[in-house]
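> Take a look and give me a structure for this.
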Amino acid sequence: MEIKDLKANTGKVDLVLEVVQKEEPRSFEKFGKQGTVCSANVKDSTGAIKLTLWNEDVEKVSVGDKIHIENGWCSEFKGELQISSGKFGNIEVVGKFDVGVLTNDPKMLNPESSAADEDIDIIEDEETIE
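I've put the predicted structure just below:
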């Protein structure tokens, strides 16, 4: 299943998604019980959607996580589709999306490389000439 296939008020949602943004958790009380809720934005190759995280799932999921929602629920709020684990579903972190470090600094790319030292020597020599 993919985000493009979701319809409001349907269960048995099974998706693998990337967490791209997560809001600050909020506490609530309902029927005399304390709980925590948090919204997150998730995406797959077909689109993006809001994910509602409840209680233990709030701490389990982080930005950059690759998650699997199994037997989840899709609802609609203010004209927008959103998903959650629902009453019977589960959210599992199955990996991390690693974008890596973007740099052109030779020391960061390979700190033990002699090329990194040579580049520094060249710069020092150029400064000495001036």
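
> how near is the nearest residue to Glu76 once chain neighbours are set aside to Lys96?
With sequence-adjacent residues excluded and distances taken as CB to CB, 6 or more residues apart in numbering, Glu76 is closest to Ala8, at 3.8 Å. Where you see a C-beta, it was placed from the backbone N, CA and C, and this is true even at glycine. Taking CB to CB, to the nearest Å as the measure, Ala8 and Lys96 are separated by 30 Å.

> cool, and Glu23?
Distance, Glu23 to Lys96, by CB to CB: 20 Å.

> Could you find the closest non-adjacent residue to the residue positioned nearest the centre of the chain?
Geometric centre of the chain, nearest residue: Val19, 2.3 Å, by CA atoms, centre = their mean. Nearest residue to Val19, sequence neighbours excluded (CB to CB, 6+ apart): Asp65, at 4.7 Å.

> didn't that neighbour look like it was pressed against Ile91?
No. Using CB atoms under 8 Å, Asp65 makes no contact with Ile91, being 9.6 Å away.

> Doesn't the residue nearest to Glu76 belong to a helix?
No. Going by DSSP: H, G, I helix; E, B strand; the rest coil, the assignment for Ala8 is coil, not a helix.

> Let's see the pLDDT reported for it.
Among the per-residue scores, Ala8 shows a pLDDT of 96.

> Could you count how many residues lie near it?
Using other CB atoms under 10 Å, Ala8 is surrounded by 12 other residues.

> Could you double-check that it lies in contact with Lys78?
No. Proximity of Ala8 to Lys78 does not meet the contact threshold set by CB under 8 Å, at 11.8 Å.

> distance of the closest residue to Asn9 other than its chain neighbours from Lys50?
Using CB to CB, 6+ apart and skipping the chain neighbours, the partner closest in space to Asn9 is Ser75 (6.3 Å). Look at Ser75 and Lys50: by CB to CB, they are 10 Å apart.

> Identify the contacts common to these two.
The contact sets of Ser75 and Lys50 overlap at Leu81, Gln82, Ile83 (CB atoms under 8 Å, 6 or more residues apart in numbering).
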